[in-house]
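1. sequence-free structure coming up:
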């Protein structure tokens, strides 16, 4: 009788490789360029690029051309795809250990946090992110947005916010200098260009970069580009959802705490 195949799902040995896990962990925190991943891992570009390609083959990582420098590429972790792959791996062991997938965020307490979303014009992406963050966190994220070169709020950004039931009263573009003296827990850049000119903020907030395409650059009329705004809103909702899960998760125990619980 032939023994059943009990090999682990291919995704598990793929991400169990120390360098691939390090790269995926870096990208889970922020979109990165390859040279930044090389610096973080201490490995040469040829090796880093090889392992990034392996992660791209299963859809765990994707790429986006930088809008600041077309010669640069940002690597992006697809956390939703990673969740699917980990869930499938758990289910292959036993259906009973498959994590239940819920569209609702867990009811763990989310401490208030101040977050600044930045893009160049503060007309589209950062406005949508500000609205979604406040809504999805039920106000726990005190979110604001600004730009390095503010432009009027795009009417499609207003339409997207309105169709999702989000407040649009008082929407206005703001220059990032308006918040120069304010302390934030996190500063999230949504535009490759603004990342290059983002100033230091008091208190050393966590710097996160999400390389999100500018929907206003899509060709066509405003009505024709509305779909691009919807795609950006969908992506931001997913990213913000994972950010909230991270903020709601219990702190990782220190080595001393591990010692006491053994």
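-> That came through, no problem. Everything numeric here is computed off the predicted structure, so don't read it as measured data.

2. Assign a three-state SS to residue 151, would you?
-> Three states are possible here, and by DSSP: H, G, I helix; E, B strand; the rest coil the one that applies to residue 151 is coil.

3. now the one 10 residues further on
-> In the three-state summary, residue 161 is assigned as helix, counting by three-state DSSP.

4. Show me the domain layout of the chain.
-> The domain map for the chain lists 11-97, 113-248, with the assignment taken from automatic domain parsing.

5. Would you map the helices across the protein?
-> Defined through DSSP state H, the helices belonging to the chain, from first to last, are 11-16, 18-29, 34-41, 45-57, 79-93, 125-136, 155-163, 192-197, 222-248, 255-261.

6. Now the last one: average pLDDT?
-> Along helix 255-261, the predicted local confidence has a mean pLDDT of 35.

7. Double-check residue 49 against residue 34; I have them as touching.
-> Yes - checked against CB atoms under 8 Å, the pair residue 49 and residue 34 is within contact range at 6.3 Å. C-betas here are computed from N, CA, C, even on glycine.

8. In terms of packing, which of the two has more residues around it?
-> The residue with more neighbours, out of residue 49 and residue 34 and counting by other CB atoms under 10 Å, is residue 34; that gives 17 against 14.

9. Provide a list of residues in contact with the more buried one.
-> The contact partners of residue 34, taken as CB atoms under 8 Å, 6 or more residues apart in numbering, are 45, 48, 49, 52, 73, 75.

10. Which one of those is nearest to residue 219?
-> Minimum separation from residue 219 among those (CB to CB) is found for residue 73, which lies at 22.4 Å.

11. residue ranges with poor pLDDT in the protein?
-> Applying pLDDT under 70 to the chain flags the ranges 1-5, 98-108, 249-262.

12. if I look at residue 23, how far off is residue 36?
-> Relative to residue 36, residue 23 is positioned 11 Å away (criterion: CB to CB, to the nearest Å).

13. Pick out whichever of those two has more residues nearby.
-> In terms of neighbours (other CB under 10 Å), residue 23 is the more surrounded of residue 23 and residue 36; the figures are 28 against 16.

14. Quick check: the more buried one touching residue 37?
-> Yes - contact between residue 23 and residue 37 holds when scored by CB under 8 Å: they sit 5.8 Å apart.

15. so what sits against both of those two?
-> Counting by CB under 8 Å, 6+ apart, the residues touching both residue 23 and residue 37 are 48, 52, 75.

16. could those residues be laid out in JSON lines, adding distance to residue 198?
-> Shown next, in JSON lines, are these (distance: CB to CB, whole Å):
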{"residue": "48", "distance to residue 198": "24"}
{"residue": "52", "distance to residue 198": "25"}
{"residue": "75", "distance to residue 198": "19"}
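
17. just the residues you listed now: which is nearest residue 19?
-> Relative to residue 19, and with distances defined as CB to CB, the nearest of the shared contacts of residue 23 and residue 37 is residue 48, at 7.5 Å.

18. so who does that closest one touch?
-> Shown in contact with residue 48 (CB under 8 Å, 6+ apart): 19, 23, 34, 37, 38, 41.

19. ok, the nearest residue to residue 185 once chain neighbours are set aside to residue 204 distance?
-> Leaving aside its sequence neighbours, residue 185 sits nearest to residue 113 (CB to CB, 6 or more residues apart in numbering; 4.4 Å). Distance of residue 113 to residue 204, given as CB to CB: 15 Å.

20. Pick out whichever of those two has more residues nearby.
-> Neighbours were counted for residue 113 and for residue 204 using other CB under 10 Å; residue 113 has more, 19 against 10.
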